[in-house]
Structure formats: C-alpha cells, structure tokens
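Visitor: Here is my input; please provide its structure:
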Amino acid sequence: MKDKKYNHSFARKLTRWVMLVMFVMMSGLAYLVYVFTKELVVENNADAVHVSMQAYGKSISSVMSNVSVAVKNNLFDVEKNVNQPLQLQAIMERIVRQNPHIRSCGISFIDNYFPQHGRALCPYACRKDSVTVEGMLMKAQGNTYLDSEWFQEAIAADSAYWSKPFFDSVDGKTPLVAYLYPIHDSKGRLVAILGADLSLLFMSELINDQYHRFEGEGWAIEIASNDETNSYVLANDGTYITHYDQRRILRGNFFVHIKDADKPGGAQDVINKMKEGQTSHNEIDKLVRVNRVKNFLFFTPLEGTDWILAVSMKEISLSVIGIITSSMMVLLFALVMMVTFLVCRIAIVRAANPLKQLAATADQVAGGQFDTPLPVINSHDEIHLLRDSFDNMQHSLKAYIEELKETMTAKASIESELKIAHDIQMSMLPKTYPAFPNRHDIDIYGLVMPAKAVGGDLYDFFIRDEKLFFCIGDVSGKGVPASLVMAVTRSLFRNIASYTQDSGHIVLALNEALSVNNDTGMFVTVFLGVLDLASGHLTYTSAGHNPPLLLTDGEVHVVPCDANLPVGVMPGMQFSVQSLQLKAGDTIFLYTDGLNEAEDAELRQFGMDKMQQVALASSTDPQPLIEAMTHAVRQFVGDAEQSDDLTMLAVKYTQS
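Guide: Here you go, the predicted model:
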C-alpha cells in the first residue's frame, strides 16, 4: 500500500510539472497573440493618423501660404505708395477682401514718419462680416504699437516671419497669428511693418473636416475631439494653439499634462523630440500618460512654422481587440490542457513502476552495495536503456574508486614535496628584518609571493668591504623548473660577488654560467647593484629587468637602465655598467613584472603610473613602502587569481 501511494505521488508531481510547463507556454503564446494583435492595431491606426496629420498639415500650410502670398503680391503697390496713407488704406482693404482667411491687415509706420498725422500712423482694414470690409487710418499720440513687444521684435528682425499667437485686442477671445513683413522706402530704409492677421479658429474646422475624411481608415481611430482621441496644434513650448476646450487656447500647456507611462524618462524624451521638430513613428515606446491616462502620442512639425501637430489616442481603445483575441485563445488552451492532463496522467502512472524499482536499486548502490542485482526490464524502450546504464555505472564505480584511492595517495605525496620545496626555497632568501640591526647607514626590506607553491623570483643582499651587494631577478616561467633556476642563480650571485665589486663582471659571470648546457632555453632578468655605503655611490647593471623606482626629495623617478639582454640567453654577451649618486634619505625600489603586470578580473594591469602614485603617497622606509604597495596591488586585483610571481625589494640609504 505504501509503494502504491509513493508511485501515485510521483505520477501526480510529474503530471503537475507537465501541466505547469504547458500552462506557462500557452500563457506566453496568449500574451504574444495579445501583443501581436495590439501592435497590429497600433500600426494600422498609426498609419491612418500619419496620413491624416499629413493632409491636415498640408491644409494648414496651404492656408498660411495663401496669406503670405497675398501679402507678397501686394508689396510692389505698398512700397510704390509708401508715402500715400490713403492709397495704402485702399490696398489693405483689397488684401482683406481678396483673402477670406485674413481677418485684418495694416501697415504700422515707425515713430513720426508722418509728422502731420501724429506720432504713430497705421493704414488699416478689418473684416466686419463675410461681406463687409472696413478701412481706416489709425492715429495715436500716447502709448501705441510703437512700444509693443511685437513691433520692436519685427523691426529688429527686418525679415518676414509668422508672429507668436495672440488674442484679438478687440474681443479678447479670438486667437490670432500675424504674418509680418518689413516695408522699405526707395532708399532701402525700414519704415513700416506690414501685418496680416489670421484667425486660428480655421484649424479647428480643418480638424473636423479631416475627421470625417479619415473616419474609416483605422480600426478604432477617430481624428476629432472625443472621449478616445484628441488632436492639437501646439506652439514649440507646448502652448495650445487649438483645443476642443477654447478656454485652454493660448492659456494651457500640453507638456504639463504629459507624464511617464511604463518607461522612465519616456515623457521627457517625447517632449524633447517634439521641441526638436521630429516626427513620431508607431513604436510602442510612444506610450505616455496624458491627463493621467495612458495614450499613444503621434506628432509632426507643421511646415513653415515651429508649431507641432499632435494626436493622442487612449491605449485602452487599441487594446480591446488584442484582449478579446487572447482571451479566446486562453479558453481554447484550457480545454486542450484538460485533455492533455488525462492523457499524461495515465501514461506517467504506467511508466512509474519500473522507475520505482530502479530507484530502490540505486539507493542500495549509493549505500556502497555495488553488487546489488538490478531488476529485469522486459520492455525495449528508454527505461531498459536506463537499466543498462545503471549496470555500467556499477562496474565503473568500482574501477573509479580504486583509481581515486591511488590518485589521492599520489597527490598527497606531491603536495607534501611541494610544501617542503617551498620551505626550502623561502629559507634561501633573506627573511630576518631588520637585516643589519647594528648599522644606521642602510635600511632594507624584501618580500616574495610565488604564484604557485614554488616560483622563479629571487632577491638577495649582503655587505662586504663596506659595500652593499643586492640583486633581484625573475626566471622565465613558473613552478618547479623556475624554482631550480632561481636557486642556482641566487647561489651564483653569492659566489661571484665574493670576488669582485664590479656589477658588470658579476652579471657577465652569471650569464656565462647559466648559458652553459641551457637546453631548456630558460633565462633570468636581473637587476644587480653595488652601493658604496660611505659615499652613496651606486653602480648597477640591468639585464633585461624592469627599471627600479627612485624616491628622492618627495618625488618618484624611474631609474634609467640600458637595454641589455637577460642572462642565460647566449654566452659572450657584454653588459653595460651605470651609476647613480644617492643622497641621505633616498630609497630605491626594485620589483619584478608580477607587480606592474598584475591583472584584475577584467584583465587590466596595475601599471607603472599606479606604482608611482602609491610610492609617492607612502613612506620612503622600505618596509612601510612594500606593505603599502602590497596592499594596493591586492586591492586592485581583487578576487582575480595571481598570474605571476611577485617580488619586491626596497633599499634606503640613510648615511648615518
């Protein structure tokens, strides 16, 4: 009874997982259908909106072009009669009468151009109704258009342009825009501004006409002022030029009502594009909140102006079709899942019995009983293959455990030998500090950090005949081979330096000794110095090694080094000797390339600049200097594995 319950529990769990996977897949497919349908609706409506906006923009541009052309066509007569106010009044009446979109037209002369008429004179014509046009000569002595902002700007511009929208000074309600054109006399002097006023209410009429024309273009589009879709003409700063609520015209600002929807910064991105005169496309990232409601926003600049035509469409109106389609698919998927559940349930229960037997046998094998007999499987399917795999596993486990025992024994032996080799190698290097406690003319400190158990870096120093002999070296390669060459090099340095004080001779002898029978081709970069403790005179030879740093007078300099080859490359090489005069308090810092070429996880190197910065910021005493450099490189490398041996040696000359 217990086995049967276990078997059915497994079947239920597996069936649930299958159903869960199918549910996730079907839900994802339903979501994709919803997104695809929604994008299709958005694209269809976006195309219709763009067609409508293009036609609307052409209509507006046509009206405004007619106004500007009407003004330009009469310029010859205006400039010809520039000194005859009555003739100019008649011309203004003709301009208004011939163009039904022009509300009024006038020529505003500069200050005292006609002294006999007063300070300001403006031949003017205004449309009273669809038939009557009234002309007059407007005169004034006090505050007039001469002091107005629009007149001053037009005079300064001295070129034709459309003014900013404004309200009619007569009724205070009708929004207007004026086409301003400078008038010059026969001598080319600017004497007046010709302005033709255009009522912006014609744009609302064009919107309504455009709505009826494109009403059937999209699935859910309505290019008119209604609950789902709104169209606006905006100034470059977002001020409404047209709005279904006329109280907002030239008073409200569209940009104030735009907020982020789902994408942070999306609203500001849309505003910036509108101000820059760009045209929207039908991407989903145009989704913004307008008056707290998610809308798709489409916009385009109006040709010949810095105005913007914008259409906002509520997202929900475009999402209904996608929601309905995806809901129908979810219902269909639910029916398919119920049938699948029953089929999977029966199949999994039948397949579970042999698996249970194999599981029981696997438990015994896992307990160490590798000779446990496996159950007999009569079917020739994947379960039978699984049974054969268990059989192979039993035999493989026996062989693997025996091999593992031998491997672990050998590994333990190797690790023990490497530990001994490491201790031997470290014992060969100076490790007692202060190195010369009875001397007050020199301070020295060194540190080596192998990349493996043993490494190929070395440093050494000793005093003979009041001269400090010191060296640092880096053997090519790492590990045990490099450690053997390192031990030989250190011993040769001690022996050769016992008979000569010439750094060049020491390096030359090292090269000859290491080049003999060098079948492995390994070489050593060496920096070797001999410091006269009485005078501070340093002679040194660099054999392909990194140039040291000199810390002196609060500054850090790179010690110049000749380009010599490393030792061990070939016999018969000559090595140059260089010299340097140290002052009391000077410190020379030696290192291997494991410091400047140390890499972090992103393969960036520590570098010479970083070394000089650390050296400049730390103490010149050897031990604090090396500890600061060690801390800096470890902090730079972080969790990255050490790629090369790292050795540092610092020598400070105190001249006590």
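
Visitor: remind me which residues of the stretch 201-350 of the chain are low pLDDT?
Guide: Confidence mapping of the stretch 201-350 of the chain against pLDDT under 70 gives the ranges 205-229, 262, 281-286, 317-323, 325-326, 330, 345, 349-350.

Visitor: ok, which stretches of it are helices?
Guide: Secondary structure of the stretch 201-350 of the chain (DSSP state H, counting those that start in this stretch): helices at 201-214, 266-275, 315-366.

Visitor: The stretch 501-650 of the chain now?
Guide: 503-515, 593-596, 607-617, 622-637.

Visitor: need these in JSON lines with distance to residue 467, can you?
Guide: Every residue, glycine included, has its C-beta placed from N, CA and C. As requested, those are arranged in JSON lines below (distance: least, Cβ to Cβ, whole Å):
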{"stretch": "helix 503-515", "distance to residue 467": "10"}
{"stretch": "helix 593-596", "distance to residue 467": "27"}
{"stretch": "helix 607-617", "distance to residue 467": "26"}
{"stretch": "helix 622-637", "distance to residue 467": "18"}
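
Visitor: I'd like these as CSV, with mean neighbour count, distance to residue 343 and mean pLDDT appended.
Guide: Formatted as CSV, the entries for the helices of the stretch 501-650 of the chain read as follows, by neighbours: other Cβ atoms under 10 Å; distance: least, Cβ to Cβ, whole Å; pLDDT from 0 to 100:
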stretch, mean neighbour count, distance to residue 343, mean pLDDT
helix 503-515, 22, 79, 92
helix 593-596, 21, 65, 91
helix 607-617, 16, 66, 93
helix 622-637, 17, 58, 94
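
Visitor: what's the closest of those to residue 654?
Guide: Across those, residue 654 has its closest neighbour in helix 622-637 (10.8 Å, Cβ to Cβ).

Visitor: now the closest one, how far from the chain's geometric center?
Guide: The offset between the C-alpha centroid of helix 622-637 and the centroid of the whole chain comes to 33 Å, using Cα atoms, centre = their mean, to the nearest Å.

Visitor: Quick check on residue 99: phi, psi?
Guide: When read as degrees, to the nearest 10, the backbone of residue 99 gives phi -120, psi 110.

Visitor: ok, it - contacts?
Guide: For residue 99, the set of contacting residues under the criterion of Cβ atoms under 8 Å, 6 or more residues apart in numbering consists of 66, 67, 70, 196.

Visitor: name the element the second one belongs to?
Guide: Using DSSP states H and E, the secondary-structure element containing residue 67 is helix 2-73.

Visitor: just to revisit the earlier point, and the contacts of residue 99, which is closest to residue 616?
Guide: For residue 616, the nearest member of these is residue 67. The distance, counting by Cβ to Cβ, is 73.2 Å.

Visitor: Can you tell me how far that closest one is from residue 145?
Guide: Per Cβ to Cβ, to the nearest Å, residue 67 is found 20 Å from residue 145.

Visitor: who's more crowded, these two?
Guide: A count of neighbours by other Cβ atoms under 10 Å puts residue 67 above the other of residue 67 and residue 145, at 21 against 18.

Visitor: Surely the more buried one and residue 102 touch.
Guide: Yes. With contacts defined as Cβ atoms under 8 Å, residue 67 counts as touching residue 102 at a distance of 5.9 Å.

Visitor: tell me, what's touching these two both at once?
Guide: 196, 198.

Visitor: Is residue 137 bridged to anything, and to what?
Guide: Residue 137 forms beta bridges with residue 123, as assigned by DSSP bridges.

Visitor: quick one: contacts for it?
Guide: Contacts of residue 137 by Cβ under 8 Å, 6+ apart are 85, 86, 89, 117, 121, 122, 123, 124.

Visitor: still on that earlier bit, after the helix holding residue 67, heading C-terminal, what element do we hit next?
Guide: Moving toward the C-terminus from helix 2-73, the first helix or strand encountered (DSSP H and E) is helix 75-80.

Visitor: And the next helix or strand after that next one, what does it pack against?
Guide: Next along the chain after helix 75-80, taking DSSP H and E as the criterion, comes helix 85-98. For helix 85-98, the elements it packs on are helix 2-73, helix 75-80, strand 102-109, strand 120-127, strand 133-140, judged by 3 or more Cβ pairs under 8 Å, 6 or more residues apart in numbering; DSSP states H and E.

Visitor: Give the closest residue to residue 95 in space, chain neighbours not counted.
Guide: residue 105 (4.8 Å; Cβ to Cβ, 6 or more residues apart in numbering).

Visitor: Report how many residues lie close to the one you found.
Guide: So residue 105, with other Cβ under 10 Å, has 30 neighbours.

Visitor: That one contacts residue 198, doesn't it?
Guide: No. With contacts counted by Cβ under 8 Å, residue 105 stays clear of residue 198, the gap being 10.1 Å.

Visitor: Just the mean pLDDT for the helix holding residue 67, thanks.
Guide: Averaged across helix 2-73, pLDDT comes to 71.

Visitor: Okay, the residue in the chain sticking out farthest from the centre and residue 81: tell me how far apart.
Guide: In the chain, the greatest distance from the average C-alpha position (Cα atoms, centre = their mean) is reached by residue 116, at 70.4 Å. Residue 116 is 17 Å from residue 81, where distance means Cβ to Cβ.

Visitor: Residue 633 now?
Guide: 89 Å.

Visitor: Equivalent analysis for residue 393, please.
Guide: Noted for residue 393: a distance of 111 Å to residue 81, by Cβ to Cβ.

Visitor: Next: residue 191.
Guide: Here residue 191 is placed at a distance of 12 Å from residue 81 (Cβ to Cβ).

Visitor: How about residue 289?
Guide: Distance, residue 289 to residue 81, by Cβ to Cβ: 56 Å.

Visitor: likewise residue 72?
Guide: As for residue 72, its distance to residue 81 is 16 Å (criterion: Cβ to Cβ).

Visitor: These two: who's more crowded?
Guide: When neighbours are counted by other Cβ under 10 Å, residue 81 comes out ahead of the other of residue 72 and residue 81, with 16 against 13.

Visitor: Okay, strands next: where are they in the stretch 101-250 of the chain?
Guide: Using DSSP state E, counting those that start in this stretch, the strands of the stretch 101-250 of the chain run over residues 102-109, 120-127, 133-140, 161-162, 166-167, 175-184, 190-199, 229-234, 240-242.

Visitor: can you redo the ones you listed as a markdown table with distance to residue 309?
Guide: As requested, those are arranged in a markdown table below (distance: least, Cβ to Cβ, whole Å):
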| stretch | distance to residue 309 |
| --- | --- |
| strand 102-109 | 22 |
| strand 120-127 | 26 |
| strand 133-140 | 31 |
| strand 161-162 | 15 |
| strand 166-167 | 20 |
| strand 175-184 | 15 |
| strand 190-199 | 17 |
| strand 229-234 | 6 |
| strand 240-242 | 9 |
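
Visitor: Among the ones you listed, which comes closest to residue 306?
Guide: Between residue 306 and the strands of the stretch 101-250 of the chain, the shortest separation by Cβ to Cβ is 8.7 Å, and it involves strand 161-162.

Visitor: Direction included, what does the closest one pair against?
Guide: strand 175-184 (antiparallel).
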